[in-house]
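Trainee: Please work out how this folds:
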Amino acid sequence: MSYQVVIGVEVHAQLRTQSKLFCSCRTIFGGSPNSQTCPVCLGMPGSLPVLNRMAVEMAVRVGHALNCTIRTDHYFARKNYFYPDLPKGYQISQYDEPICENGWLEIQPNESTKRIRIHRAHLEEDAGKSIHQPGRPESRVDLNRTGTPLLEIVTEPDMHSAEEVVAYLKALRDILLYLDVCDGNMEQGNLRCEPNISLRPSGETPLGTKVELKNINSFRFVREAIDYEVRRQTTVLSEGGTVHQETRLWDEAQEKTVVMRSKEEAHDYRYFPDPDLLPIHLEQTMIDDIRETLPELPSVRKQRFISTYQLPVGDAEVLTSSKSLADYFETCIKTFPSPKTVCNWVKGELLRELHTHDVAAHESALAPERLVKLLQLVEQGTISLKVAREIFTELYVSGKEPEALVQEKGLSQVSDDNALLEFIREVLVNNPAQVEQYKAGKETVLGFFVGQVMKASQGKANPGKVNTLLKTALSNES
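Mentor: Presented below is the predicted three-dimensional model:
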């Protein structure tokens, strides 16, 4: 029997607020354990939560970007469960009245557009972190993350492959980065993905039993975990077994999913309205005003780059995958209006250095103005394209101006006709056999002469002029 894969995805995006969802503790990553806590996020008796307004506004921004309906009235509920890193014994979340619902996001997994429905997006606080040390009998708890604002974004079961899930996650991550509401760092836990996977016989409508996957911190592991789980469930069903509703972890070392716990139903959490928090009412004018502040989103910007700058789809996707990279590109274009040339340098040499130094484009040591100056030196014939590429890393690291670095290294290109003719005459005199070959009609030998002139000039000769002058000189030889 063949089976259809059905996948829905839950994403927990940590919002980029400076303080937690219900207290003033900081949300900085990497602090010493339990240093960013207070009576509120530790759940001390008598402490009262106060809602972070910025988190609400960020949730509304995401809701607009995902084409959701934004509720004017909603409330927080207590989600009750016991876990060592949940000090209150419950998590403050939203249940039946989320702040955002019924939206959609379009993806292009295989050059065809597919719409993924967004079921809901709701605010909730994060739990702490349990630290299990191999070989030790005890576990430790760090509560720095406790109370950090999360936006949980839940899709309908509209995806049918790991490729579609990865395409959705990348599109969602790009939107969150463009909105400046989430860092999108999966390794630090700022963006957590939990696919829910089920299989059903092909052609049937009812959904199969779903399995939730956790502990996935990269797009590559998302793909590997889903593919493994699909194979596992297929084997179970094909052998007449039963897939159990459970939560499984992705074990990177073993490259397999392993059981974590049985999957809870909503009623297991005993949701009820949080008595310490008032219901929330958002004025429609506030919701509309936030919509007006939205930036140009990645998909729209990509299409504009294609139509306005005549860039190939692949180039536009690379440039718009990061807002700061797209901004860098457009800053260069303002003073050097050659989109394809700038694009090649940005997605080539610049991206290489950004990856090497692990920084974003807006943190680049090479400002757009300095890159433009380098490109202008090439355009003016002051240096060759080859030289520009060779000095790029030093230019990036040194902080020097392109003109100063070129002069310091004596790399200015020779474009003077008389100087070039001296090199050419020397090469022709030293290579009479090749001259005779050219006279005999073997025009491919021209490349040999160009190479010899470049060697004689130590790579400084203007190749375009060398070609022209060589042809003239060789025709005179005839």
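
Trainee: can you pull the contacts of the nearest residue to residue 186 once chain neighbours are set aside?
Mentor: Spatial nearest neighbour of residue 186, excluding adjacent residues (Cβ to Cβ, 6 or more residues apart in numbering): residue 217 at 4.7 Å. From N, CA and C alone the C-beta is placed, and that goes for glycine too. Residue 217 makes contact with 186, 187, 189, 192, according to Cβ atoms under 8 Å, 6 or more residues apart in numbering.

Trainee: 10 Å instead?
Mentor: 185, 186, 187, 188, 189, 191, 192, 193, 250, 252 (Cβ atoms under 10 Å, 6 or more residues apart in numbering).

Trainee: Provide the secondary structure category for it.
Mentor: coil (DSSP: H, G, I helix; E, B strand; the rest coil).

Trainee: any chance you could read off phi and psi for it?
Mentor: Dihedral pair for residue 217: phi -120, psi 30, per degrees, to the nearest 10.

Trainee: Could you tell me how far it is located from residue 150?
Mentor: Residue 217 is 16 Å from residue 150, where distance means Cβ to Cβ, to the nearest Å.

Trainee: coming back round to it: just send the contacts of residue 217 back as JSON lines, with distance to residue 88 and neighbour count too.
Mentor: Putting the contacts of residue 217 into JSON lines (distance: Cβ to Cβ, whole Å; neighbours: other Cβ atoms under 10 Å) gives the following:
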{"residue": "185", "distance to residue 88": "27", "neighbour count": "13"}
{"residue": "186", "distance to residue 88": "27", "neighbour count": "18"}
{"residue": "187", "distance to residue 88": "28", "neighbour count": "8"}
{"residue": "188", "distance to residue 88": "24", "neighbour count": "12"}
{"residue": "189", "distance to residue 88": "20", "neighbour count": "15"}
{"residue": "191", "distance to residue 88": "25", "neighbour count": "21"}
{"residue": "192", "distance to residue 88": "21", "neighbour count": "18"}
{"residue": "193", "distance to residue 88": "26", "neighbour count": "25"}
{"residue": "250", "distance to residue 88": "28", "neighbour count": "22"}
{"residue": "252", "distance to residue 88": "31", "neighbour count": "15"}
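
Trainee: Just name the closest of those to residue 291, please.
Mentor: Using Cβ to Cβ, the shortest approach to residue 291 within those belongs to residue 191, at 23.6 Å.

Trainee: show me the contacts for that closest one.
Mentor: 11-14, 169, 172-173, 176-177, 182-185, 217.

Trainee: Now it: phi and psi?
Mentor: phi -140, psi 110.

Trainee: do the same with residue 120
Mentor: Dihedral angles (degrees, to the nearest 10) for residue 120: phi -160, psi 160.

Trainee: Look up how far residue 465 lies from it.
Mentor: Counting by Cβ to Cβ - residue 120 and residue 465 are separated by 65 Å.

Trainee: So between these two, which is more surrounded?
Mentor: More crowded of residue 120 and residue 465, by other Cβ atoms under 10 Å: residue 120, with 23 against 18.

Trainee: From residue 83, how far out is that one?
Mentor: Distance from residue 120 to residue 83, by Cβ to Cβ: 23 Å.

Trainee: Counting only helices, which of the contacts of residue 191 make the cut?
Mentor: Using DSSP state H, 169, 172, 173, 176, 177 are the members of the contacts of residue 191 that sit in helices.

Trainee: Make TSV out of these and add distance to residue 79.
Mentor: Shown next, in TSV, are the ones in helices among the contacts of residue 191 (distance: Cβ to Cβ, whole Å):
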residue	distance to residue 79
169	24
172	23
173	25
176	23
177	28
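
Trainee: Let me know the closest of those to residue 7.
Mentor: Proximity of the ones in helices among the contacts of residue 191 to residue 7 (Cβ to Cβ) peaks at residue 169, which lies at 11.4 Å.

Trainee: From residue 360, how far off is that closest one?
Mentor: 19 Å.

Trainee: ok so, going back, which among the contacts of residue 191 end up buried?
Mentor: 11-14, 169, 172-173, 176-177, 182-184, 217 (16 or more other Cβ atoms under 10 Å).

Trainee: Which pair of the residues you listed spans the longest distance?
Mentor: The widest separation within these (Cβ to Cβ) is 17.0 Å, between 177 and 217.

Trainee: quick revisit: nearest to residue 337 among the contacts of residue 217?
Mentor: Out of the contacts of residue 217, the member with the shortest distance to residue 337 (by Cβ to Cβ) is residue 185, at 34.8 Å.

Trainee: How about the closest one, nearest residue that isn't a chain neighbour?
Mentor: Nearest to residue 185 is residue 191, by Cβ to Cβ, 6+ apart, at 6.6 Å.

Trainee: How many neighbouring residues does the closest residue to residue 293 other than its chain neighbours have?
Mentor: Spatially, and ignoring its direct neighbours in sequence, residue 293 is nearest to residue 61 (7.5 Å; Cβ to Cβ, 6+ apart). By the criterion of other Cβ under 10 Å, residue 61 has 23 neighbours.

Trainee: And residue 368, by the same measure?
Mentor: Residue 368 - counted by other Cβ under 10 Å - has 22 other residues nearby.

Trainee: can you tell me which residues contact it?
Mentor: 327-336, 342, 346, 350, 361.

Trainee: Before I go, just wanted to say thanks for your time.
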